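# predicted model and sequence follow; I will ask about them next.
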Amino acid sequence: MEKLTHAANAVSVLKDGDVLLVGGFMMAGSPETLIKALLETSEVKNLTVVSNDTGTTDSNMIKVMKQGRVVKVHGSYIGSNPMTGQMLIDDADSVTLYPQGTLAEKLRCGGAGIAGFYTPVGVGTIIENGKEKRTFGDREFLLETALRGNVAFVKATVADKFGNCYMRGSTKNFGAIMARAADFVIAEAKKIVEIGELDPELVTIPGIFIDALVQSEDI
Amino acid sequence: MDNKEFIARRVARELKDGDVVNLGIGLPTLVANYVPDGVSITLQAEHGILGAGGAAKPGEEDSEIINAGGFHITVLPGASFFDSATSFGIIRGGHVDVTILGALQVDARGNIANWMVPGKRVPGMGGAMDLVVGAKEVIVAMEHTVKGSHKIMKECSYPLTAVGVVKKIITEMGVMDITKDGIVLTEIARGFTVEDVQSATDATLIIPDNIIIIEI
């Protein structure tokens, strides 16, 4: 199966109303080539974006949001993107904030066939509103449910043409989890090599999770 | 020595050899500069690093190695990288010995509020809720008051980050332990009286007989 394609073709899989998972922690591991293609070549709207932070003022995501195409955000820390902060002020229901580890685990479960999990994080705070609370031993836990996307954008340092991805340094963050939690996963990579050229010991994301592969413009 | 350096130097003495430590953004980050001789710690960064080092030198920045504040850093020999689910498994699973972070308010029951001021722009809680619940020890390092307003309260009025997790508060005025009876002022900084500290504190402080003067 040929996965290598160009960014505009890859992002054309998105449909109006989709849930889009976007990897990265601020600019580290942020799939800017794919977000730029979403900005410039796609007109899909009513998107729900799942992202730790929705990027920074340097990110193309803020431009997509300025086009009014993102109607809902699930994130954790949004202080680096003033557009997301404004969304929250304009409509409190448009931005759902989670403790960062809860967001990560929701996505991990989404990719791993787990429906939900009980976490001690958020007990006694506004995070527990509306959630099942259960005591195990002498400690209270909240039920959090899995989260999945229709499409995920992630960024790798090196990928082979099978889709195996090596994410270097602190770029693994959310991308490595999101790549397992969406129906269609697009990876951009700074460097794309032939099958067999990426050491299997270095694979962060096995290639079976990747549906389309795009050369990063930002290398 | 300014307040922040004083606080960071005193907090650093709490660290023990071998500790895995997560430092919050701002003042807590300074603690890394004052780790005592003979104490070796491993710094955890919640987006996926154990063994984080100092700032990268100008011209040597690596866009793939940043800290949780988004700044370019280095890593030390023995470091490792991992994804956010693993990282928060480390945090939630109790594998971080100490987390040091700032707060908007802390109260006599060890409750902490540090992510949201009602009516102001909300940046989100990030990893703070996970860290204060998961770390074995939570130390709040902050200036004692903000613009003259109390931060160490009988009861937090801002939305909480977590309930009953803080065991120690270190400010430019002193060191306070949070016990089941309330907040005990165990150490006081030179130049302040117990009355000074109490008047800067909303909660009623418990004053032990043998209060220690902090020598930095």
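Yep, it's here. Remember, it's a predicted structure, so these values are computed and weren't measured experimentally. Numbers count the residues shown, from 1 in each chain, chains lettered A, B, ... in the order given.
# C-alpha only now, for contacts and for neighbours.
Noted.
# near residue A:218, how many other residues are there?
Look at residue A:218: counted by other Cα atoms under 10 Å in any protein chain shown, it has 10 neighbours.
# what do you get for residue B:19?
When neighbours are defined as other Cα under 10 Å, residue B:19 has 16 of them.
# shouldn't it be in contact with residue B:42?
Yes: using Cα atoms under 8 Å, residue B:19 makes contact with residue B:42 at a distance of 6.3 Å.
# shouldn't residue A:64 be within a helix?
Yes: per DSSP: H, G, I helix; E, B strand; the rest coil, residue A:64 lies within a helix segment.
# that one: what's it in contact with?
The contact partners of residue A:64, taken as Cα atoms under 8 Å, 6 or more residues apart in numbering or on different chains, are A:35, A:38, A:39, A:70.
# excluding covalently adjacent residues, which one is nearest to residue 62?
With no chain named, the answer covers chain A. residue A:83 (6.4 Å; Cα to Cα, 6 or more residues apart in numbering or on different chains).
# other chain: chain B
Counting by Cα to Cα, 6+ apart, the nearest residue to residue B:62 once its immediate chain neighbours are dropped is residue B:72, at 6.5 Å.
# quickly note the distance from that neighbour to residue A:90.
According to Cα to Cα, to the nearest Å, residue B:72 and residue A:90 sit 33 Å apart.
# likewise residue A:123?
27 Å.
# so the two - more neighbours on which side?
Taking other Cα under 10 Å, residue A:123 and residue A:90 do not tie; residue A:123 has more neighbours (22 against 11).
# helix, strand, or coil at the more buried one?
Residue A:123 - assigned by three-state DSSP - is coil.
# and it, what pLDDT?
You'll see residue A:123 listed with a pLDDT of 98.
# what about it, distance to chain B?
As judged by Cα to the nearest Cα, to the nearest Å, residue A:123 and chain B stand 7 Å apart.
# residue A:32 now?
For residue A:32, the distance to chain B - Cα to the nearest Cα - is 13 Å.
# phi, psi of that residue?
Main-chain dihedrals, residue A:32, degrees, to the nearest 10: phi -70, psi -30.
# look at it and say how many residues are nearby.
Applying other Cα under 10 Å, we find 25 residues neighbouring residue A:32.
# pLDDT value on the closest residue to it other than its chain neighbours, please?
Spatial nearest neighbour of residue A:32, excluding adjacent residues (Cα to Cα, 6+ apart): residue A:60 at 6.4 Å. Predicted confidence (pLDDT) at residue A:60: the value is 96.
# identify the residues contacting residue A:60.
The neighbourhood of residue A:60, defined by Cα under 8 Å, 6+ apart, consists of A:32, A:35, A:36, A:39.
# okay if I get these as CSV plus secondary structure and pLDDT?
Converted to CSV, the contacts of residue A:60 look like this (DSSP: H, G, I helix; E, B strand; the rest coil; pLDDT from 0 to 100):
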residue, secondary structure, pLDDT
A:32, helix, 97
A:35, helix, 98
A:36, helix, 98
A:39, helix, 97
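# still on that earlier bit, give me the distance between the residue nearest to residue B:62 and residue B:49.
Residue B:72 sits 13 Å away from residue B:49, going by Cα to Cα.
# which one of these two has more residues nearby?
residue B:49 (26 against 20).
# contacting residues around that one?
Contacts of residue B:49 by Cα under 8 Å, 6+ apart are A:170, B:43, B:79, B:80, B:81, B:82, B:87.
# now residue A:26
Contacts for residue A:26 (Cα under 8 Å, 6+ apart) come out as A:53, A:54, A:55, A:56, A:80, B:70.
# the second one is in contact with residue A:70, isn't it?
No: Residue A:54 is not in contact with residue A:70 according to Cα under 8 Å; the separation is 10.9 Å.
# which residues of chain A lie near chain B?
Contact residues (Cα under 8 Å from any Cα of the partner chain) of chain A with chain B: A:25-29, A:76-80, A:85, A:89, A:97-102, A:104-105, A:108, A:120-126, A:168-174, A:176-177.
# which of those residues count as buried?
Buried residues within these, defined by neighbour count using 16 or more other Cα atoms under 10 Å in any protein chain shown: A:25-29, A:76-80, A:85, A:89, A:97-102, A:104-105, A:108, A:120-124, A:168-174, A:176-177.
# tell me the SS of residue 77?
In the absence of a named chain, chain A is used. With three-state DSSP as the basis, residue A:77 sits in coil.
# I was after chain B.
Using three-state DSSP, the structure places residue B:77 in strand.
# any idea how many residues pack against the nearest residue to residue A:174 once chain neighbours are set aside?
Computed as Cα to Cα, 6+ apart, the closest residue to residue A:174 that is not its neighbour in sequence is residue A:23, at 5.0 Å. By the measure other Cα under 10 Å, the count of residues near residue A:23 is 32.
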